[in-house]
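>>> I need the structure of the sequence given here:
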Amino acid sequence: MSIRKTVVSGSFYPNDKDELEKLIKSFSNNINKNEDNGFKHINAIVNPHAGYIYSGKLCNLSFNTASKQNPKRIIVIGPSHNTYFEGSSICLDNFYETPLGNIEIDLEYSKALMQRYDFLTTNEECAFEHSSETQAPFIKYYFPNAKIIEIVYGNQDSNTLSLLLDELIKDENNLLVISTDLSHFHPLQIAKKIDENCISAINEKDLSKLENCEACGKTGIKALLESSSKNSLNTKVLDYSTSCDVNNDKTRVVGYLSAIVGS
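Predicted coordinates for the structure are as follows:
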């Protein structure tokens with residue numbers, strides 16, 4: 001039995017179970033539970049992957065919004081920050097470790113995807129990727145019985161990736177999580193102007209606006225928007241924030257958003 005071990009617990013988010021649960025609960029304090037987002041079913045969410053002090057509230061918002069559903073599996077798709085490789089890597093461990101308890105990896109489903117999509121391989125260095133790992137505690141918290149699939153992409157063509165998303169997004173037993181942060185280290189007003197391209201691209205399903213978007217997970221966003229358009233799904237940005245909202249530094253800002261895709 002193999003376990004995909006945590007590598008950023010204790011830094012990006014608390015390593016203590018009780019502390020982590022308390023933090024996630026605190027993110028929901030200001031959520032309007034009676035607000036109607038207009039979606040009957042959520043097929044995918046878009047989340048940031050920074051430390052929870054910066055982006056945890058936005059991650060929680062989209063997971064909380066989707067938590068009325070009971071998906072069998074959550075597929076997390078994020079960019080590689082630690083290693084360069086061609087295509088995408090899918091995790092073939094048995095379990096995914098979190099401070100809230102291990103999540104079973106849907107190994108059978110993962111292997112079946114590998115057989116159908118030749119750009120899916122395994123890369124051991126992707127076990128150190130935070131863009132996907134930061135989503136796992138929320139998955140365990142909101143969907144304790146769901147299985148997880150982790151896909152980390154390197155030099156990946158978005159059109160090719162969208163073919164995979166076309167299959168995944170049609171299955172109502174799946175919930176897709178596209179992981180991305182937005183612009184990095186610009187002054188606040190410039191960051192907001194750049195990030196508005198990403199926000200508009202998602203809200204309007206306008207791929208042309210992604211040309212001026214600096215999201216590290218732009219490939220994943222583009223693939224999701226392509227699949228959303230082909231499958232006539234709606235898109236909505238739920239919230240946007242920057243690191244400046246936390247540290248008050250207006251000189252080197254990182255942007256974050258959360259969004260939902262569905263019908």
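>>> test my guess that residue 95 contacts residue 104.
Yes. Residue 95 is in contact with residue 104 according to C-beta atoms under 8 Å; the separation is 5.9 Å. C-beta coordinates here come from the backbone N, C-alpha and C atoms, glycine included.
>>> more neighbours: the two, which one.
residue 95 (18 against 13; other C-beta atoms under 10 Å).
>>> quick one, what contacts that one?
Counting by C-beta atoms under 8 Å, 6 or more residues apart in numbering, residue 95 touches 1, 2, 3, 4, 102, 103, 104, 105.
>>> among these, which are located in helices?
Using DSSP state H, no member of the contacts of residue 95 sits in helices.
>>> among those, name the ones in strands.
Counting by DSSP state E, the contacts of residue 95 place 3, 4, 103, 104 in strands.
>>> picking up where we left off before, need the contacts of residue 95 in TSV (columns: distance to residue 143 and pLDDT).
What follows is those, written out as TSV (distance: C-beta to C-beta, whole Å; pLDDT from 0 to 100):
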residue	distance to residue 143	pLDDT
1	22	86
2	22	97
3	19	97
4	17	97
102	14	98
103	9	98
104	11	98
105	14	98
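>>> among those, which ones are buried?
4, 103, 105 (16 or more other C-beta atoms under 10 Å).
>>> now do the strands in the protein.
Taking DSSP E as the test, the strands found in the chain are 3-4, 42-47, 73-79, 88-90, 95-96, 103-104, 120-121, 147-153, 174-179, 184-186, 234-242, 253-262.
>>> a markdown table for those, including distance to residue 14?
Output for these, formatted as a markdown table (distance: least, C-beta to C-beta, whole Å):
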| stretch | distance to residue 14 |
| --- | --- |
| strand 3-4 | 19 |
| strand 42-47 | 18 |
| strand 73-79 | 20 |
| strand 88-90 | 27 |
| strand 95-96 | 17 |
| strand 103-104 | 17 |
| strand 120-121 | 32 |
| strand 147-153 | 20 |
| strand 174-179 | 19 |
| strand 184-186 | 24 |
| strand 234-242 | 20 |
| strand 253-262 | 19 |
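>>> re the thing from before, of the buried ones among the contacts of residue 95, which is the nearest to residue 138?
Relative to residue 138, the closest of those is residue 103; by C-beta to C-beta it sits at 10.8 Å.
>>> tell me which residues form a beta bridge with that closest one?
When bridges are called by DSSP bridges, residue 103 pairs up with residue 96.
>>> that one against residue 138, yeah?
No. Look at residue 103 against residue 138 with C-beta under 8 Å: they stay out of range, at 10.8 Å.
>>> next, the distance between the ends of stretch 67-81.
From its first residue to its last, stretch 67-81 covers 28 Å (C-alpha to C-alpha, to the nearest Å).
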